[in-house]
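Asker: got a sequence here, can you model it:
(2 chains)
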Protein chains: 2
Amino acid sequence: MPVNLPPPVAELLLPVAGVSLGIAEANIKREKRKDLLVMQLSEGARVAGVFTKNRFCAAPVIVAREHLARGSGIRALLVNTGNANAGTGEQGMQDARNTCAALAGLLGCKPSQILPFSTGVIMEPLPVAKIAAGLPAAVANMRADNWSAAAQAIMTTDIVAKAISRQVTIDGVAVTITGIAKGSGMIHPNMATMLGYIATDAAIAQPLLQAMVSEAANRSFNCITVDGDTSTNDALMLIATGKAALAEIKTAESQAGKVLQATISEVAIYLAQAIVRDGEGATKFITVQVEGGNSEEECKQIGYAIARSPLVKTAFFASDPNLGRILAAIGYAGVADLDVAALKLYLDDVLVAENGGRAASYREEDGQRVMQQSDITIRVVLNRAAASATLWTCDFSYDYVKINASYRS
Amino acid sequence: MPVNLPPPVAELLLPVAGVSLGIAEANIKREKRKDLLVMQLSEGARVAGVFTKNRFCAAPVIVAREHLARGSGIRALLVNTGNANAGTGEQGMQDARNTCAALAGLLGCKPSQILPFSTGVIMEPLPVAKIAAGLPAAVANMRADNWSAAAQAIMTTDIVAKAISRQVTIDGVAVTITGIAKGSGMIHPNMATMLGYIATDAAIAQPLLQAMVSEAANRSFNCITVDGDTSTNDALMLIATGKAALAEIKTAESQAGKVLQATISEVAIYLAQAIVRDGEGATKFITVQVEGGNSEEECKQIGYAIARSPLVKTAFFASDPNLGRILAAIGYAGVADLDVAALKLYLDDVLVAENGGRAASYREEDGQRVMQQSDITIRVVLNRAAASATLWTCDFSYDYVKINASYRS
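Answerer: Numbers count the residues shown, from 1 in each chain, chains lettered A, B, ... in the order given. Down below sits the predicted model:
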């Protein structure tokens, strides 16, 4: 079960003026399952996004990038689950384009004004006919207050839907930010296997919108790992409809820019952490905080060595303070000039190791007590300089193996 | 159970003139378990080795490196299981030195003529008194034909002992090479969590001996992964006693040098593969062969992305040809200019993917057939240039989680 992650309350998800959401059951992988989402945007809405860096990126990723590169004018986002349309070659590209054309026909826009997204099994042909057949129902039920159903429609191995809203007041005007995401396995930067959509009714200049989504991704989805596998299909989209009665925000340094960036990042961090809390088989949510490094990159390098180590993760699953495994992971992280005698390792507030070995004050029962918790922080203080990084991961359980051994069945 | 790895037959393990082996039960972690090995070397024997690159390397690794650096004159190797003496700071260094001193006292040599090795739990103090108390029994039962017991004495989570002998004729003289190794989890280069000892009665010049052990490690222990965790304690030692009636071998290019290198590498590869076959929870042995790359390094990079992917490994555990996961791993391996449309993926002889997607000729039942096997080759042909690399790994099962969740209990 997800770790300290209650399902979203539909009533707390705020509509974003200029965004309508329609869902459908298109029987893509299974019958009787919401597996299709259409997000229609009002004219003039702007969209920016970041995508997976996997070289085997999926056809919809390539097509969405293409359509975004043409500039503004995006009128809808189309998301299907049950099939990733990745590792599908030329046919996959054609299939992605065909789904855009089918939706464009229904909405009366150009195919290039649609952004396609797919998630699910890799290397299976996309069932375009099923998607096309499902689209009219999705378009027919489009509503502004449909975020909760939308969050459910994009789930794959997720146990709970992931969604959140925030409202901030900028220049006396209430601005809404609502986001949804999916993801549970094949989670690792750049990016995690996930789809994320965050919309605001603020008006944001296109270059700033791109900067804002990159910044939000770097502070959130690029700081999580479940299994170290970077997916073929990841995407985080930021939508600004400009429907709020507010002047266009043009710079990150403006007060409005700062407030909005902070709130968008907060929403992204909530969604990214929700993915880890709902990580496949997760029983514990682990924050890995590395401080005192020469650079953020070095801190992330050490943090990820810990966060993706199967030995560390199985020890947390067992609530066994076999914490030497964390030292081993720090040691092989690849920081060549690391002085292991200078660093300190904490589990929550318990000092575990210093001077290259177990701290004199450390008592097994203190480690044991922290290991019983469902939320745990591993803190590594490198004592080299002032850089830091925070990552989030989960433990590694029987259920991870079970879920992934039976994923296609 | 180990994958196609029968236990060694004691009678097939050939003594190496100049090496005596004694074992004991020192109760280091558990009672009634062989956990101590002493390998005594004849005067004039030479030793060379390679060690873990983990920055948190264990105290015995540091001490063994120090003693080796003093030149020749090594008279014994001392190996304990049950405790890694890693992450133990200054006390750990003193403990490692004290075990050397205790053995030196019994053998009548200097402590610096002893090489210490430890494997087991990290960040626990080494029980020096227990080791010192166990040493007399190990020394008392030293025998040349004790390789089988020695291979058992160094096991930790290993299910079967790993040992092999080869004999080659060089200039009309029979030369013996016998090797043992341990390792099962925390297995990843540089190096895998393992200890390996290979001895020959040939006389080999010290610089060549060092070159030979590096070459053998690069072709064997540096080509395997079980879980992607590089240990704190790895070591591979090559011993040349010079007891065979043969001139000293000085160059790798000589006929004798070539034959010996090939045989030593063969022994090392057998032992490395044995570690993977006995990988924690392994049910399948997987060879990952990457060909047609621009460099060996690039091929290894792609090979390791596949070999350490939990998603790939759980699919193999399930015998589920969910082979898109292999494409995803190739894609995130970090080869920035990889043309995914140019590569081909094979499962044994079955062409799975080409032109960026599933091969037209591929049938699920062919993939399914290969997935049922216990020995499987994943072959990736990059079609870039002529470099290649071969790695070995195993699948990821419930038992991996079980073994590592309960390792200390």
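Asker: how about the host helix or strand of A:V288 and chain B, any contact?
Answerer: Element membership for A:V288, per DSSP states H and E: strand A:285-293. No - figure legend: strand A:285-293 not in contact with chain B (CB under 8 Å from any CB of the partner chain); closest approach 13.7 Å. Quick note: C-beta positions are derived from backbone N, CA and C, even for glycine.
Asker: continuing past that strand, what's the next helix or strand?
Answerer: Using DSSP H and E, the first helix or strand after strand A:285-293 is helix A:296-307.
Asker: give me the mean pLDDT for that next one.
Answerer: Computed over helix A:296-307, the mean pLDDT rounds to 93.
Asker: re the thing from before, what helices or strands is the strand holding A:V288 leaning on?
Answerer: Packing partners of strand A:285-293 (3 or more CB pairs under 8 Å, 6 or more residues apart in numbering or on different chains; DSSP states H and E): helix A:255-277, helix A:296-307, strand A:375-381, strand A:387-394.
Asker: same list (those) but as CSV, adding mean neighbour count.
Answerer: Formatted as CSV, these follow (neighbours: other CB atoms under 10 Å in any protein chain shown):
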stretch, mean neighbour count
helix A:255-277, 22
helix A:296-307, 22
strand A:375-381, 19
strand A:387-394, 22
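Asker: tabulate these (a markdown table), appending distance to chain B.
Answerer: Shown next, in a markdown table, are the helices and strands packed on strand A:285-293 (distance: least, CB to the nearest CB, whole Å):
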| stretch | distance to chain B |
| --- | --- |
| helix A:255-277 | 15 |
| helix A:296-307 | 9 |
| strand A:375-381 | 12 |
| strand A:387-394 | 13 |
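Asker: for B:A333, which of these is the nearest?
Answerer: helix A:296-307 (15.5 Å; CB to CB).
Asker: just after that closest one, pick out the following helix or strand.
Answerer: Using DSSP H and E, the helix or strand that directly follows helix A:296-307 along the chain is helix A:310-317.
Asker: is chain B within reach of that next one?
Answerer: Yes - applying CB under 8 Å from any CB, one finds helix A:310-317 touching chain B at A:P310, A:L311, A:T314, A:A315, A:F317.
Asker: give me the distance from the helix or strand just after that helix to the chain's centre.
Answerer: Note on helix A:310-317: by DSSP H and E, the next helix or strand toward the C-terminus is helix A:324-332. Its chain's C-alpha centre and that of helix A:324-332 lie 27 Å apart, by CA atoms, centre = their mean, to the nearest Å.
Asker: between helix A:324-332 and helix A:296-307, how many degrees?
Answerer: Put simply, helix A:324-332 runs at 140 degrees to helix A:296-307, going by axes from the mean of the first three to the mean of the last three CA atoms, to 10 degrees.
Asker: who does helix A:324-332 touch, helix- and strand-wise?
Answerer: helix A:296-307, helix A:310-317, strand A:344-347, strand A:375-381.
Asker: can you rerun that using 7 Å?
Answerer: helix A:296-307, helix A:310-317 (3 or more CB pairs under 7 Å, 6 or more residues apart in numbering or on different chains; DSSP states H and E).
Asker: just send the ones you listed back as JSON lines, with distance to A:A153 too.
Answerer: Output for the helices and strands packed on helix A:324-332, formatted as JSON lines (distance: least, CB to CB, whole Å):
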{"stretch": "helix A:296-307", "distance to A:A153": "30"}
{"stretch": "helix A:310-317", "distance to A:A153": "30"}
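Asker: can you name the residues that contact the residue of the stretch 301-409 of chain A found nearest chain B?
Answerer: Across the stretch 301-409 of chain A, no residue is closer to chain B than A:G324, which sits at 2.5 Å (CB to the nearest CB). Applying CB atoms under 7 Å, 6 or more residues apart in numbering or on different chains, we find A:G324 in contact with B:A86, B:G87, B:V121, B:I122, B:M123.
Asker: verify the assumption that A:E124 is located in a helix.
Answerer: No - under DSSP: H, G, I helix; E, B strand; the rest coil, A:E124 sits outside any helix and is assigned coil.
Asker: neighbours around the residue nearest to it when sequence neighbours are not counted, how many?
Answerer: The shortest distance from A:E124 to any non-neighbouring residue, by CB to CB, 6 or more residues apart in numbering or on different chains, is to A:N83 (5.7 Å). Neighbours of A:N83 under the rule other CB atoms under 10 Å in any protein chain shown: 26.
Asker: helices of chain A, start to end?
Answerer: Taking DSSP state H as the test, the helices found in chain A are A:59-69, A:89-107, A:128-140, A:147-153, A:206-219, A:255-277, A:296-307, A:310-317, A:324-332, A:364-371, A:398-405.
Asker: and A:R46, which of those helices is closest to it?
Answerer: It's helix A:206-219; of the helices of chain A, that one is closest to A:R46 (CB to CB) at 5.4 Å.
Asker: what residues does that closest one touch?
Answerer: A:46, A:48-50, A:72, A:191, A:204, A:236, A:238, A:240, A:249-252, A:257, A:261, A:264-265, A:268-269.
Asker: of all the residues of helix A:310-317 next to chain B, which comes closest to A:L21?
Answerer: A:F317 (36.8 Å).
Asker: next up, the contacts around that closest one.
Answerer: So A:F317 contacts A:T283, A:D395, A:F396, A:S397, B:V401, B:A405 (CB under 7 Å, 6+ apart).
Asker: which of the contacts of helix A:206-219 count as buried?
Answerer: A:46, A:48-50, A:191, A:204, A:236, A:238, A:240, A:249, A:257, A:261, A:264-265, A:268-269 (16 or more other CB atoms under 10 Å in any protein chain shown).
Asker: among those residues, which one sits closest to B:Q368?
Answerer: Using CB to CB, the buried ones among the contacts of helix A:206-219 come closest to B:Q368 at A:M191, 31.8 Å.
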